[in-house]
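Q: Have a look at this prediction, sequence included:
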Amino acid sequence: MFLQDHEIVALYHARDEKAIEHSQRQYGPYCQTVAMNILNSTADADECVNDTWLAAWNSMPPQKPLSLRAYLGKLTRNLSLNRLKSLRRERRDIRLTVAFEELEDCFPAPDETESRFVCMWLNEYLETLSPTDRRLFVGRYWYGYGIKQMAKHYGLSANAVTKRISRTREGLRAFLIERGYTP
């Protein structure tokens, strides 16, 4: 039986361990996909997904997310990125490293104040894109999808996907510069 998000969140707030069971059943495959796209390792992804349930348990209360899917996805993504940083320090080859290096020309490492503006401008910029370009950009840089994977999904050539993402990155860089952010 699947529960509504607010029912699962209520279980977390009541400190009922069934919250984890329901989260795992309903959102486990989604969280696994998020982690796998970042880490490209089943063992590392499994570890991050398991850590997601603990992070959710520890953060609710006080957190009361309206969209549990988005909340758990964000927890998984952050845990996976932290794991990726750890793996990079160990000099393991992970494909998402390449995707993040592509974005360094747009915003290398903004401080906390700049980050809020960059995030706001990024969302503003994404709204100006065609639905396909937006999905390609988010797929590449949020979910960590590979070029070939997206090309197959959208019925495009890998070269076309690469060019569209490159143009979108260049557009983002120009968009940020117009708003006074200099990478």
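A: Looks like it came in fine. Residues are numbered from 1 along each chain as shown.
Q: Looking at Tyr145 now. What's its pLDDT?
A: Note for Tyr145: predicted pLDDT of 83.
Q: That one: what's it in contact with?
A: Counting by CB atoms under 8 Å, 6 or more residues apart in numbering, Tyr145 touches Asn37, Gly139, His153. Using the backbone N, CA and C atoms, a C-beta is placed for each residue, glycine as well.
Q: just those now: which is nearest Gly28?
A: Each of the contacts of Tyr145 was scored against Gly28 by CB to CB, and Asn37 proved nearest at 15.1 Å.
Q: Distance check, the most centrally placed residue in the chain against Ser80.
A: Nearest to the geometric centre of the chain sits Trp142, at 3.7 Å (CA atoms, centre = their mean). Trp142 sits 12 Å away from Ser80, going by CB to CB, to the nearest Å.
Q: swap in Phe2?
A: To Ser80, Phe2 is 25 Å away according to CB to CB.
Q: Likewise for Asp5?
A: Distance from Asp5 to Ser80, counting by CB to CB: 22 Å.
Q: And those two? Which one has more around it.
A: Between Asp5 and Ser80, counted using other CB atoms under 10 Å, the more crowded position is Ser80 (26 against 19).
Q: Sticking with the spatially closest residue to that one that is not a sequence neighbour, tell me its helix or strand.
A: Once flanking residues are discounted, Ser80 sits nearest to Ile38: 4.1 Å by CB to CB, 6 or more residues apart in numbering. Counting by DSSP states H and E, the element that carries Ile38 is helix 18-39.
Q: So which bits of that helix are buried?
A: For helix 18-39, burial by neighbour count (16 or more other CB atoms under 10 Å) applies to 19-20, 22-24, 26-28, 31-39.
Q: where exactly do the helices run in this structure?
A: Using DSSP state H, the helices of the chain run over 5-13, 18-39, 42-59, 68-89, 96-103, 112-128, 131-141, 147-154, 158-178.
Q: what's Trp142 in contact with, if anything?
A: So, once contact is read as CB under 8 Å, 6+ apart, Trp142 ends up touching Arg77.
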